[in-house]
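K.L.:
Give the three-dimensional model of this entry:
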Amino acid sequence: MTRHLRLLITCSAFALVAIPAGAQISFTTAVDLALKNSPRVLMAKAEVDKAVAALAQTRDIYIPTLVGGSGLGYSYGFPVGQPSVFNVTSQSLIFNFSQMDYIRAARASLDAANLDLKDARMAVAEDTAITYAALDRDLRRQEALKEEARYAERLVNIVQDRLDAGQDTPIDLTTARLSFAQIRLAKLRAEDETTVDRAHLARLTGLPIRGLDVVSSSIPQFTATVSDKSDTALPNSPAVESAYAIAQAKREIAFGDSRYLWRPQIFFAAQYNRFAKFNNYDLYYSHFQHNNAGIGVEITLPVFDMVHRAKARESAAEATRAQHEADVARDQFLDGRLKAQHATAELSARAEVANLDQQLAQQQLDVMLVQLKAGTGSVAGTQMTPKDEQNSRIAEREKFLTLLDTSFQMRQSQINLMRQTGELESWLKTVAQTQTVDTPKP
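P.N.:
Next up, the predicted model:
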């Protein structure tokens, strides 16, 4: 008995280890995990770090550099070169007409990188919120389709019995079987969509796909409304502002490149050398000394340089192109926002219609169930049958499925509209403050 008991405990332990723990996460937790794990957000952060380094590079050019080296070697006869044991060189830029333009360009590039990071975060948050709502819709739809499939199967059995009794025709049976087959097909498609949405949410959050589930009660109300303001009164998206920041950076670079010729450039330079005697310098040069140092400024005046002139034309063309690209991005954004506003209003009306339609079907089903239980007919005198009951249940479930799809489409449009109007970030912060952020539950 003891040996069998140990074997049972061991098998149970292996079984528990083999079954992975499911993760049930709330809406806010899913968005937070996605923002931390998204490769797009991490790439945007790397671009911000790169822009910070580029700005530091343009400003640090005024800080003197310090380089050390050595030129040891043996020579015979009249010495050639400098017999330095070691040398130290320092140099830096003192003044350049174009450098401040390059610094302003680097700052504009940093602004563009930060705006691109903000846009990436909002894109990931939007994707996660929509995917979370889609998975919730999928799970509820699966349950509704299971119920509808049971009703359709019962209907097939009822029609088969009625056909055997001579009360229905073969067409009625074929119609019932066709309805059952269509519901099974819809159920398979719903399962596929559920798998896809769960896998996408798992990739966004970095959690294992198996057992990943949502908390329906954690999904907040989406309160985006259609704004009556003009397009100019609403803010642009971070992507559009980033495009204009890039255009500003390219204009500064073009302006700096255009001021290269006929403008002096001043550099600071200093050098120290420690000379050696083994190259016979003390024999051929009088007043030889080991320590040698020099300090001063170097002034250059570019007069004729076709390469830099062509580079200035290239920079000006790039700035013009960047400005037009920003204008195109702005126009596309405004068009998309206007469409999202109208789509949200239309979907809100459709969701209300679907909700009322489902309520009406439920009320009609309740009346029919009361009539069947009482064994009475309807007001028109027609006797209700179990076949009518199943048809009513199937119709009610169809209305409910339509309501689920319409409500999800309205949610999706509202989330997109909040991003278009710049309200998504503040809305997410409000949701995070009002809800308790939980951790994945096994």
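K.L.:
Low-confidence stretches in this protein?
P.N.:
Where the chain drops to pLDDT under 70, the residues are 1-22, 73-75, 78-83, 223-235, 372, 375-383, 435-442.
K.L.:
quick check: domain ranges of it?
P.N.:
As assigned by automatic domain parsing, the chain contains the domains 22-62+101-245+334-421, 66-96+264-301.
K.L.:
how about the ones you listed in JSON lines, adding distance to residue 309?
P.N.:
For every residue, glycine as well, the C-beta is placed using N, CA and C. Below are the domains of the chain laid out as JSON lines (distance: least, CB to CB, whole Å):
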{"stretch": "domain 22-62+101-245+334-421", "distance to residue 309": "17"}
{"stretch": "domain 66-96+264-301", "distance to residue 309": "15"}
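K.L.:
right, and those - which one's nearest residue 314?
P.N.:
Set against residue 314 and scored by CB to CB, those come closest in domain 22-62+101-245+334-421, at 14.7 Å.
K.L.:
who's in contact with residue 113?
P.N.:
Neighbour list for residue 113: 44, 47, 48, 50, 51, 242 [criterion: CB atoms under 8 Å, 6 or more residues apart in numbering].
K.L.:
Measure how far stretch 361-373 is from the centre of its chain, please.
P.N.:
A distance of 47 Å separates the centroid of the chain from that of stretch 361-373, by CA atoms, centre = their mean, to the nearest Å.
K.L.:
now swap in stretch 352-362 and tell me
P.N.:
Its chain's average C-alpha position is 35 Å from that of stretch 352-362, according to CA atoms, centre = their mean.
K.L.:
which one is the spatially most central residue of the chain nearest to, not counting chain neighbours?
P.N.:
Residue closest to the average C-alpha location in the chain (CA atoms, centre = their mean): residue 124, at 2.4 Å. Nearest non-adjacent residue to residue 124, counting by CB to CB, 6 or more residues apart in numbering: residue 38, 4.4 Å away.
K.L.:
How much space separates that neighbour from residue 32?
P.N.:
11 Å (CB to CB, to the nearest Å).
K.L.:
And those two? Which one has more around it.
P.N.:
Legend: neighbour count by other CB atoms under 10 Å for residue 38 and residue 32, higher for residue 38 (22 against 18).
K.L.:
Now the more buried one. Its backbone dihedrals?
P.N.:
Main-chain dihedrals, residue 38, degrees, to the nearest 10: phi -70, psi 130.
K.L.:
and it, what is it in contact with?
P.N.:
Residue 38 makes contact with 120, 124, 204, according to CB under 8 Å, 6+ apart.
K.L.:
and those as JSON lines, adding secondary structure?
P.N.:
Shown next, in JSON lines, are the contacts of residue 38 (DSSP: H, G, I helix; E, B strand; the rest coil):
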{"residue": "120", "secondary structure": "helix"}
{"residue": "124", "secondary structure": "helix"}
{"residue": "204", "secondary structure": "helix"}
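K.L.:
Excluding chain neighbours, give the residue nearest to residue 369 in space.
P.N.:
residue 389 (6.9 Å).
K.L.:
And the helix or strand hosting that neighbour, what's buried?
P.N.:
Under the criterion of DSSP states H and E, residue 389 resides in helix 386-420. For helix 386-420, a neighbour-count test (16 or more other CB atoms under 10 Å) marks 387-404, 406-420 as buried.
K.L.:
which element follows that helix toward the C-terminus?
P.N.:
helix 424-434.
K.L.:
Any idea how far that following helix is from the middle of the chain?
P.N.:
A distance of 17 Å separates the centroid of the chain from that of helix 424-434, by CA atoms, centre = their mean.
K.L.:
The chain: strands as residue ranges?
P.N.:
Using DSSP state E, the strands of the chain run over 24-25, 65-69, 84-96, 213-214, 265-275, 291-300.
K.L.:
circling back to that earlier point, I figured the residue nearest to residue 369 hits residue 371, correct?
P.N.:
No: contact criterion CB atoms under 8 Å: residue 389 and residue 371 do not qualify, at 9.5 Å.
K.L.:
so how far is residue 93 from the residue nearest to residue 69 when sequence neighbours are not counted?
P.N.:
Nearest residue to residue 69 in three dimensions, chain neighbours excluded: residue 87, at 5.5 Å (CB to CB, 6+ apart). For residue 87, the distance to residue 93 (CB to CB) stands at 21 Å.
K.L.:
Check residue 56 too.
P.N.:
For residue 56, the distance to residue 93 - CB to CB - is 14 Å.
K.L.:
Neighbour count: the two, which is higher?
P.N.:
residue 93 (15 against 11).
K.L.:
Please name the residues that touch that one.
P.N.:
For residue 93, the contact set (CB under 8 Å, 6+ apart) comprises 61, 62, 99, 265, 266, 267, 268.
K.L.:
now the closest residue to the first one other than its chain neighbours: how far from residue 106?
P.N.:
What sits nearest to residue 61 in space, not counting adjacent residues and going by CB to CB, 6+ apart, is residue 93, at 4.8 Å. From residue 93 over to residue 106 the distance is 15 Å, taken as CB to CB.
K.L.:
now residue 178
P.N.:
According to CB to CB, residue 178 stands 68 Å off from residue 106.
K.L.:
Which of the two has more residues huddled nearby?
P.N.:
When residue 178 and residue 106 are compared for neighbours, residue 106 comes out ahead with 22 against 12, by other CB under 10 Å.
K.L.:
which residues sit in contact with that one?
P.N.:
Residue 106 sits in contact with 51, 54, 55, 57, 58, 59, 249, where contact means CB under 8 Å, 6+ apart.
K.L.:
Please identify the residue most distant from the middle of this structure.
P.N.:
The centre of the chain is farthest from one residue, residue 283, which by CA atoms, centre = their mean lies 74.0 Å away.
K.L.:
Next, count neighbours for residue 101.
P.N.:
Around residue 101 there are 20 residues (other CB under 10 Å).
K.L.:
How about it, nearest residue that isn't a chain neighbour?
P.N.:
residue 256 (3.2 Å).
K.L.:
Could you list which residues are in contact with the one you found?
P.N.:
Counting by CB under 8 Å, 6+ apart, residue 256 makes contact with 97, 98, 99, 100, 101, 102, 105.
K.L.:
Touching, residue 91 and residue 269? I think so.
P.N.:
Yes: between residue 91 and residue 269 a contact is recorded at 4.6 Å, counting by CB under 8 Å.
K.L.:
elements contacting the longest helix along the chain?
P.N.:
The longest helix of the chain (DSSP state H) is helix 306-374. Secondary-structure packing of helix 306-374 (3 or more CB pairs under 8 Å, 6 or more residues apart in numbering; DSSP states H and E): helix 238-258, helix 386-420.
K.L.:
how about those helices in a markdown table, adding distance to residue 302?
P.N.:
Compiled in a markdown table, the helices and strands packed on helix 306-374 are given as follows (distance: least, CB to CB, whole Å):
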| stretch | distance to residue 302 |
| --- | --- |
| helix 238-258 | 12 |
| helix 386-420 | 48 |
